[in-house]
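Participant: Dropping the sequence and predicted coords here.
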Amino acid sequence: MRVPFLDLQAQNRSIWPELQSALEPVMAESQFILGPAVERFESHFASYIGVRHCVGLNNGTSALHMALLACGVGPGDEVITTPATWISTSWAISYVGAKPVFVDIDPHTYNLDPDQVEQALTPRTRALLPVHLYGQSADLARLSALADRHGLALIEDAAQAHGARFDGRRVGSFGRAGCFSFYPGKNLGAFGEGGCVVTNDDGVAAHIRRLRDHAQQGRHHHVEIGFNTRMEGIQGAVLDAKLPHLDDWNAARARHARRYSKRLAGVPGLTLPACPHAEGHAWHLFVVLVHGLDREELRLALADRGVMAGVHYPTPVPFQPAYAHLDYHPGDFPVSEELMSKCLSLPLYPEMTEAQVDYVADTLGELLSRHEALSSLTAGVMS
Ligand SMILES: Cc1ncc(COP(=O)(O)O)c(C=O)c1O
């Protein structure tokens with residue numbers, strides 16, 4: 001059996017006529033940049049998240065960048081964020097001239113640890129930028145309280161958490177701004193690049209609408225340094241056609257995740273995802289930790305058997321060469337370092353069959369059990 005890491009074609013096939021009828025008007029009217037399809041999606045996604053505004057952008061990295069600018073973060077400011085994320089989170093902080101201050105994560109959720117955030121606050125801290133990693137919410141109750149108490153902007157990186165909830169409310173709606181990516185492999189994915197910022201703050205929304213369109217106020221009148229970060233019409237149409245399916249797709253992901261957890265329980269050398277916020281988890285990724293054997297060897301052995309696993313991500317962001325000037329060192333982030341040296345993402349997408357989930361779990365279980373048996377044999381021979 002072959003199990004790809006994800007299967008976008010299967011998803012497109014499942015709603016082909018809806019996609020076609022969403023795309024036709026964009027082509028007929030040639031409204032390729034912003035336009036009615038983007039406006040419809042913005043309005044529907046804002047209602048879905050439960051906020052007043054959604055501003056459609058060209059990708060999630062721009063969403064973070066525009067959100068930080070609109071929240072007034074700039075040179076000399078510090079923004080507290082997580083080492084365990086895709087690099088875009090800290091790129092955006094660097095783009096506005098601020099300094100990313102990394103603090104370690106909670107060992108259960110793999111998200112920013114609020115206790116450590118509190119210890120890292122300085123008079124220069126201007127914003128908190130948590131990530132809802134793998135689709136599970138960060139502790140938004142404590143992070144919101146911290147932001148309020150210290151007058152900081154809370155900006156959520158919800159790029160992996162479309163539809164996830166915390167205390168019953170959709171993530172993205174807690175902070176001053178919530179940032180989403182619609183990269184094709186996300187829970188809600190475009191036909192190319194896409195992103196957005198959601199917010200209840202009228203000023204932030206208006207500012208980002210202006211920034212994304214060359215900071216024009218009226219035609220050919222540019223009131224500050226602007227950007228071209230507009231969403232394309234085709235992406236608005238595709239996302240609007242897919243949005244009504246998002247909750248069902250997330251429910252299928254959650255079913256597969258439960259099946260993995262059951263089937264893999266007790267397998268030696270494996271840590272399964274702990275899910276304190278399981279009921280609101282969007283299950284963008286199903287990530288296990290692999291102990292006592294080389295992750296790359298295991299990944300290749302799985303690939304040999306038709307199972308395509310991934311790594312999200314191998315290196316804590318502060319240890320990337322681009323951030324060498326910040327002078328962080330191994331041992332500074334023990335929980336993130338453990339996660340990133342051992343994490344393995346199993347295939348997970350709504351259209352997977354139960355037989356595929358079982359095949360992945362059984363193949364992984366077999367490889368790990370065989371390794372365990374071999375290790376105890378060698379230990380017996382050596383003693
Ligand atoms: C946590 C996180 N933040 C930001 C981004 C950036 O989104 P994009 O790739 O759309 O620029 C991603 C996407 O990979 C992400 O996973």
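Facilitator: That came through, no problem.
Participant: for this protein, which helix is longest?
Facilitator: In the chain, with assignment by DSSP state H, the single longest helix is helix 354-382.
Participant: Which neighbouring elements make contact with it?
Facilitator: If you count contacts as 3 or more Cβ pairs under 8 Å, 6 or more residues apart in numbering; DSSP states H and E, helix 354-382 packs onto helix 246-264, helix 295-304. (Each C-beta comes from the backbone N, C-alpha and C, glycine too.)
Participant: Compute the inter-axis angle for the longest one and helix 354-382.
Facilitator: Here the directions of helix 246-264 and helix 354-382 differ by 30 degrees (axes from the mean of the first three to the mean of the last three Cα atoms, to 10 degrees).
Participant: what's the pLDDT at the closest residue to Gly178 other than its chain neighbours?
Facilitator: Spatial nearest neighbour of Gly178, excluding adjacent residues (Cβ to Cβ, 6 or more residues apart in numbering): Gly172 at 2.8 Å. pLDDT for Gly172: 98.
Participant: and the gap between Gly172 and Ala161?
Facilitator: Gly172 is 8 Å from Ala161, where distance means Cβ to Cβ, to the nearest Å.
Participant: Also Glu78?
Facilitator: Distance of Glu78 to Ala161, given as Cβ to Cβ: 24 Å.
Participant: So which of the two has more stuff around it?
Facilitator: Ala161 (31 against 20; other Cβ atoms under 10 Å).
Participant: Could you give the secondary structure assignment for the more buried one?
Facilitator: coil (DSSP: H, G, I helix; E, B strand; the rest coil).
Participant: I'd guessed it sits against Gly178; true?
Facilitator: No - Ala161 lies out of contact with Gly178 (Cβ atoms under 8 Å); the separation is 9.2 Å.
Participant: Need the overlap of contacts for these two.
Facilitator: Common contact partners of Ala161 and Gly178 (Cβ atoms under 8 Å, 6 or more residues apart in numbering): Val171, Gly172.
Participant: Count the residues that sit near the closest residue to Ala257 other than its chain neighbours.
Facilitator: Distance criterion Cβ to Cβ, 6+ apart; nearest residue to Ala257, sequence neighbours excluded, is Trp283 at 4.8 Å. Neighbour count of Trp283, defined by other Cβ under 10 Å: 30.
Participant: Which residues are in contact with the closest residue to the ligand within the stretch 51-200 of the chain?
Facilitator: Residue of the stretch 51-200 of the chain nearest the ligand, by Cβ to the nearest ligand atom: Gly60 (2.5 Å). Counting by Cβ under 8 Å, 6+ apart, Gly60 touches Ser88, Ala159, Cys179, Phe180, Ser181, Phe182, Tyr183, Gly195.
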